[in-house]
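J.: next comes the sequence, and after it the predicted model I'd like to discuss.
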Amino acid sequence: MAQNASELEFRTVAVIMAGGIGERFWPLSRESRPKQLLPLSASGKPLLLDTLDRLDGLVDADNRFLVAAAPLCAEISRSTASLKPENYLVEPARRNTAGCLAWAVASLFARGANPDSTVMVALPGLTPLPSTRWGLEAGMLSSWSTHEVAANPDPWTAYMDAEALAGSLILRTRRGGDRFCPQGMGGHRVGLSAFLINLKVPRAWRDKLPLLEANGTIVWVCGYRIAEAAAVGPSTRYVARLRFLRVE
């Protein structure tokens with residue numbers, strides 16, 4: 001991070017807003033295949049690929065980000081391999097152009113402390129973890145029981161109140177000053193560093209341990225504890241299950 005203005009490094013970032021509901025060019029377009037995935041230009045390529053081509057020489061691949069809903073991100077990833085998984089910004093809700101752009105900028109600023117250690121999480125969806133063979137699967141349960149939640153034996157699976165996960169959902173590593181409200185402590189906040197020390201998490205693991213963050217709040221110290229606010233309780237209406245899986 002820059003310490004003063006003279007140390008600031010500026011970079012050019014391209015944000016491609018690729019959402020839509022497929023109405024503009026109906027009946028050619030559909031919600032699952034809006035105009036950006038259709039070959040409507042003279043090149044014969046889908047409009048999205050034309051857009052990526054126009055960025056060549058202007059913005060490098062690592063600084064190109066695409067914003068769309070989770071199903072569209074999945075469809076687009078099958079159409080092009082030029083975007084890395086971490087360069088997809090999965091919209092938490094459908095909004096207009098101004099809302100989409102503002103959310104994308106806020107999300108990119110949230111990555112500013114260490115862009116390489118932050119990944120946007122799709123709910124529902126499977127989020128690959130960069131440079132690993134692992135992914136985070138997140139989904140909504142159509143039915144669940146308090147026994148199933150309480151008896152969960154897998155530390156790398158978490159059942160959480162889905163309403164606590166609404167909005168921007170990311171996986172990241174720890175940052176200085178992080179605080180956490182562990183389940184079972186009545187909402188009491190503790191320093192994350194002290195929490196990890198008390199759990200005897202090896203020092204070598206602490207900077208690499210994934211943390212699930214919802215709207216700026218840590219809701220799961222993965223492998224160890226969820227947050228009090230995300231715990232399933234008597235008033236919970238919707239439950240999300242998140243689990244780490246090996247992706248071959």
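T.: Perfect, I can see it now. Residues are numbered from 1 along each chain as shown.
J.: ranges for the helices of the chain?
T.: 47-54, 70-79, 97-110, 146-150, 192-198, 203-206 (DSSP state H).
J.: quick one: average confidence on the fifth one?
T.: Average pLDDT, helix 192-198: 93.
J.: as PDB, could you dump the C-alpha coordinates of that helix?
T.: Presented in PDB, the C-alpha positions along helix 192-198 are these (Å, rounded to 0.1, in the frame of the first residue of the first chain):
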ATOM      1  CA  LEU A 192      -9.000 -12.000  14.800                       C
ATOM      2  CA  SER A 193      -5.300 -12.400  15.600                       C
ATOM      3  CA  ALA A 194      -6.100 -13.200  19.200                       C
ATOM      4  CA  PHE A 195      -8.900 -15.500  18.200                       C
ATOM      5  CA  LEU A 196      -6.600 -17.500  15.900                       C
ATOM      6  CA  ILE A 197      -3.900 -17.700  18.600                       C
ATOM      7  CA  ASN A 198      -6.500 -18.900  21.200                       C
END
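J.: need the helices of the chain in a markdown table (columns: mean neighbour count and distance to residue 213).
T.: In short, each C-beta sits where N, CA and C put it, glycine included. Listed next are the helices of the chain as a markdown table, based on neighbours: other Cβ atoms under 10 Å; distance: least, Cβ to Cβ, whole Å:
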| stretch | mean neighbour count | distance to residue 213 |
| --- | --- | --- |
| helix 47-54 | 17 | 29 |
| helix 70-79 | 17 | 18 |
| helix 97-110 | 14 | 8 |
| helix 146-150 | 12 | 21 |
| helix 192-198 | 16 | 11 |
| helix 203-206 | 10 | 16 |
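J.: which residue is the nearest non-sequential neighbour of residue 14?
T.: residue 59 (4.3 Å; Cβ to Cβ, 6 or more residues apart in numbering).
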